[in-house]
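Novice: I'd like to go over a predicted model; first the sequence, then the structure.
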Amino acid sequence: MTETFYEVLRRQGITRRSFMKFCSLTATSLGLGSAFVPKIAHALETKPRTPVIWLHGLECTCCSESFIRSAHPLTKDVVLSMLSLDYDDTLMAAAGHQAEAIIEEVKKKYKGNYIVAVEGNPPLNEDGMFCIHGGRPFVEVLKETCADAKAIISWGACASYGCVQAAKPNPTRATPVHQVITNKPIVRVPGCPPIAEVMTGVVTYMLTFDRIPELDRQGRPKMFYGQRIHDKCYRRPHFDAGQFVENWDDEAARKGYCLYKMGCKGPTTYNACSSMRWNGGVSWPVQSGHGCIGSSEDGFWDKGSFYDRVTDIHQFGVESNADKIGATAAGAVGAAVAAHAAVTALARARSQHDDKNSGDK
């Protein structure tokens, strides 16, 4: 078996103190309490690094571009120490037959104990000939590689949902990974691309606890996709107040008002952008003045323009409609009082009627 994460770190001259600091930061990035720090440390000290085969189908490599920019933990720590990235034709030095031989070696040596990470999707039309991997249709390579895998990670919207390749009319029949591989546990990490720390966070969790994280109904990790972007957006108070950007670069845009009317899909998109942000936590699309395009949701390419308001969400509008809402609230209270009075009177009348009938008897 391969070395443990801790053995690799010690061999590189990393102190015990630095190792524990790393475990603390990892627990924090995963949203875990301090009680999990020793558990993470124990797992990294005792468990061998997990072999990973990273495959590429129809995609643009934006997931790999995002992954290599992770800051917590650093990608180099994940790739060189935490896991054993044995195959990735984008990052590896080997090529041709030498590279393809590595897949066969991992499948044979670590049968049932390796992870397959898939970036992109397989096209099924014309017997898969729209994506060729090592002289063979990618869909064949995918099925064979996943046959003895422990688990599968679908990176990005391409592998998770199909993305732009599967947009109508989808001439190549680009198909999400979970519709081709149906007998293995699959973790979907959607986004175009996913946040770097979300990607490394998922890997860290699976390597630490030797299981897949808790998933939502779409197969996404709840710890990163459990809340809408809208729920933690710093522009949310403007949404609640009915303060919206009406045109690009208008006065409302300069004041940082809500971008919902400009097509922002934050109210219907589940992701961690508004809490984790991008580029090491520096910023994210809404902070830069562009609405969320909803890339972590199924079929986002086919759900209309990125700049059209396609949902019908009625905000409270505290400031813009204060008088109207106040009158409505007063009317509702008045109606409730009247209804209560009517029910009370009816109950009293029934009670008197019952008492009279009882006396007659």
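Specialist: Thanks, I have the structure now.
Novice: So, low pLDDT: which residues of the stretch 201-350 of the chain?
Specialist: 310-350 (pLDDT under 70).
Novice: swap the cut-off to 90 and go again
Specialist: Low-confidence segments of the stretch 201-350 of the chain, defined by pLDDT under 90: 201, 203-211, 249, 275-276, 278-282, 300, 303-350.
Novice: do the stretch 1-150 of the chain as well
Specialist: Looking along the stretch 1-150 of the chain with the criterion set at pLDDT under 90, you get 1-51, 65-86, 88-97, 99, 134.
Novice: Which residue ranges of this protein form strands?
Specialist: Secondary structure of the chain (DSSP state E): strands located at 50-56, 83-88, 115-119, 132-133, 136-137, 151-155, 186-189.
Novice: Identify whichever of those strands lies nearest to residue 169.
Specialist: Ranking these by proximity to residue 169 (CB to CB) places strand 136-137 first, at 21.0 Å. Every residue, glycine included, has its C-beta placed from N, CA and C.
Novice: ok, residues contacting that closest one?
Specialist: 122, 127-129, 131 (CB atoms under 8 Å, 6 or more residues apart in numbering).
Novice: any chance of these in CSV, with neighbour count too?
Specialist: Shown next, in CSV, are the contacts of strand 136-137 (neighbours: other CB atoms under 10 Å):
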residue, neighbour count
122, 29
127, 10
128, 23
129, 12
131, 22
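Novice: for those residues, which one is nearest residue 32?
Specialist: Distances from residue 32 to the contacts of strand 136-137, taken by CB to CB, are shortest for residue 122, at 34.7 Å.
Novice: Which residues are in contact with the closest one?
Specialist: Contact analysis of residue 122 by CB under 8 Å, 6+ apart lists 57-58, 128, 131, 137-139, 142, 174-175, 177, 180.
Novice: Can you name the two of these that sit furthest apart?
Specialist: So, these by CB to CB: farthest apart are 137 and 177, at 14.7 Å.
Novice: Near residue 11, how many other residues are there?
Specialist: 10 (other CB atoms under 10 Å).
Novice: separation between it and residue 231?
Specialist: 44 Å (CB to CB, to the nearest Å).
Novice: Now do the buried residues in stretch 103-116.
Specialist: 103, 106-107, 110, 114-116 (16 or more other CB atoms under 10 Å).
Novice: Determine which two of the residues you listed are furthest apart.
Specialist: The farthest-apart pair in those, when distances are taken by CB to CB, is 103 and 115, at 13.1 Å.
Novice: and for the two, which residues touch both?
Specialist: residue 53.
Novice: in the stretch 1-150 of the chain, which spans are helices?
Specialist: Here the stretch 1-150 of the chain has its helices, by DSSP state H, counting those that start in this stretch, at 5-11, 16-29, 37-46, 62-67, 75-77, 96-109, 138-146.
Novice: Please work out which of those is packed deepest.
Specialist: helix 62-67 (a mean of 22; mean count of other CB atoms under 10 Å).
Novice: what helices or strands is that helix leaning on?
Specialist: helix 156-160, helix 196-209 (3 or more CB pairs under 8 Å, 6 or more residues apart in numbering; DSSP states H and E).
Novice: try it again with 10 Å
Specialist: Helices and strands touching helix 62-67, by 3 or more CB pairs under 10 Å, 6 or more residues apart in numbering; DSSP states H and E, are strand 50-56, helix 75-77, strand 115-119, strand 151-155, helix 156-160, helix 196-209.
Novice: could I get it in CSV with only the CA atoms?
Specialist: Provided in CSV are the C-alpha atoms of helix 62-67 (Å, rounded to 0.1, in the frame of the first residue of the first chain):
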residue,chain,number,x,y,z
CYS,A,62,-12.3,24.6,-16.2
CYS,A,63,-12.8,22.2,-13.3
SER,A,64,-9.0,21.3,-13.3
GLU,A,65,-8.2,25.0,-13.6
SER,A,66,-10.4,25.7,-10.5
PHE,A,67,-9.0,22.7,-8.6
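Novice: residues making contact with that helix?
Specialist: Defining contact as CB atoms under 10 Å, 6 or more residues apart in numbering, one finds that helix 62-67 is touched by 54, 56, 61, 75, 78-79, 88, 90-91, 117-120, 154-159, 163, 189, 191-200, 203, 278-279.
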